[in-house]
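In: Got a sequence here, can you build the structure:
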Amino acid sequence: MLVRSVSTPPMLMVGDLTYAPESLHKDQLPGTGDKELLLQSYAKVRALKEQLPDLVILPCHDIEAAQKVSAIFGE
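Out: Predicted coordinates:
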């Protein structure tokens, strides 16, 4: 889900697509799922990041995701 606001950088909640944003850039796939579909999805996320350089990618299993969101909202 892409969340956009005039007062914060855009945030992309990618759920279980990946466990860490770094995996998207290295095409490190999880052990399950359709590999070709996952690679296509990774490419789409990277393309969105190119269009929105300040995009914050938030995988649900990223232990730093909550900290990233708190930093965005100044908490």
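
In: show me the residues around residue 16 that make contact.
Out: Listed by C-beta atoms under 8 Å, 6 or more residues apart in numbering, the contact set of residue 16 reads 30, 59-61. For the C-beta atoms, the positions are set from N, CA and C on the backbone; glycine is no exception.

In: Quick one: buried ones out of these?
Out: residue 59 (16 or more other C-beta atoms under 10 Å).

In: tell me the two of the contacts of residue 16 that are most distant?
Out: 30 and 60 (12.6 Å; C-beta to C-beta).

In: Return the member of the contacts of residue 16 nearest to residue 71.
Out: residue 59 (16.2 Å).

In: isn't that closest one right up against residue 18?
Out: Yes: the criterion here is C-beta atoms under 8 Å, and residue 59 meets it with residue 18 at 5.1 Å.

In: where does the most centrally placed residue in the chain fall, phi/psi-wise?
Out: In the chain, the C-alpha nearest the mean C-alpha coordinate belongs to residue 57, at 2.7 Å (C-alpha atoms, centre = their mean). Residue 57 adopts backbone torsions of phi -100, psi 130, taken as degrees, to the nearest 10.

In: please renumber so the chain begins at 259
Out: Sounds good: first residue 259 from here, last item residue 315.

In: Name the nearest residue to residue 314, sequence neighbours excluded.
Out: In space, and not counting its chain neighbours, residue 314 is closest to residue 269: 4.7 Å by C-beta to C-beta, 6 or more residues apart in numbering.

In: State the phi and psi torsions of that neighbour.
Out: Dihedral angles of residue 269 (phi, psi; degrees, to the nearest 10) stand at phi -130, psi 130.
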